[in-house]
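Asker: Show me how the following folds:
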Amino acid sequence: MNCYYHKDKDRAAECINCGKPLCRACSAYWGANMCTDCIKKIAVKKRNIFLLRLAAVIAVTGALFYLFYCKMGSTAPINALTAFFGGNEPRRKTALFIYALACIPAGLRASFTLGRWFAGIYDLTGRAVMLCFVAVIAGGILLGAAAVPIYCIWLLYGVIKYNFTVKAAKARLAKLKNIERKRKK
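Answerer: Numbers count the residues shown, from 1 in each chain. Predicted structure coming up:
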């Protein structure tokens with residue numbers, strides 16, 4: 001059986017995702033035995049997940065800030081923004097405190113991710129895992145205001161990274177189709 005993309009080359013491997021036969025060049029192109037179609041599908045899926053998470057973090061944090069500051073404080077959203085960026089000192093402190101409260105869900109999400117990472121790297125077991133997660137949860141609550149921008153930057157990086165992968169896969173597929181058309185002529 002010949003390569004799915006290069007009909008004139010012998011099969012050297014097959015895609016680990018869909019089973020398409022691949023030549024040596026195609027199997028090594030993406031750094032794994034995966035065809036370009038599967039790489040594109042996976043990259044689109046991951047990009048959409050990162051976009052959805054980014055939108056959710058921004059929406060939840062904004063909604064919680066609006067709920068805590070505007071609804072409970074009986075103030076207009078424009079007053080919240082002026083207090084946050086240029087109000088007098090007590091109003092700014094209140095706005096920053098409420099922003100930190102609104103960031104707790106994203107801070108916990110980021111801290112659980114870090115906790116799993118630390119537990120995996122240091123091969124923690126038993127009570128050490130529990131202490132790690134307690135420390136990470138406390139850090140997520142205390143540093144929630146810093147976690148949201150960092151988490152959003154990380155999500156945006158994922159969106160951009162997978163967007164480049166999607167574009168590269170589309171370009172490779174177009175190039176392979178062009179080669180196939182020229183070969184048929």
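Asker: by contact count, what packs against the lengthiest helix in the chain?
Answerer: Determined from DSSP state H, the single longest helix within the chain is helix 144-184. Packing contacts for helix 144-184, counted by 3 or more Cβ pairs under 8 Å, 6 or more residues apart in numbering; DSSP states H and E, involve helix 36-65, helix 89-102, helix 104-121. Quick note: C-beta positions are derived from backbone N, CA and C, even for glycine.
Asker: now it, how far from the centre of its chain.
Answerer: 12 Å (Cα atoms, centre = their mean, to the nearest Å).
Asker: So in this structure, where's the weakest helix or strand by average pLDDT?
Answerer: Lowest on mean pLDDT, DSSP states H and E among the helices and strands of the chain sits helix 77-86, with a mean of 67.
Asker: just to revisit the earlier point, with distance to Lys182 added, can I get the helices and strands packed on helix 144-184 in CSV?
Answerer: CSV is the format used below for these (distance: least, Cβ to Cβ, whole Å):
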stretch, distance to Lys182
helix 36-65, 18
helix 89-102, 57
helix 104-121, 47
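Asker: Dump those to CSV, plus mean pLDDT.
Answerer: Below are the helices and strands packed on helix 144-184 laid out as CSV (pLDDT from 0 to 100):
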stretch, mean pLDDT
helix 36-65, 89
helix 89-102, 72
helix 104-121, 72
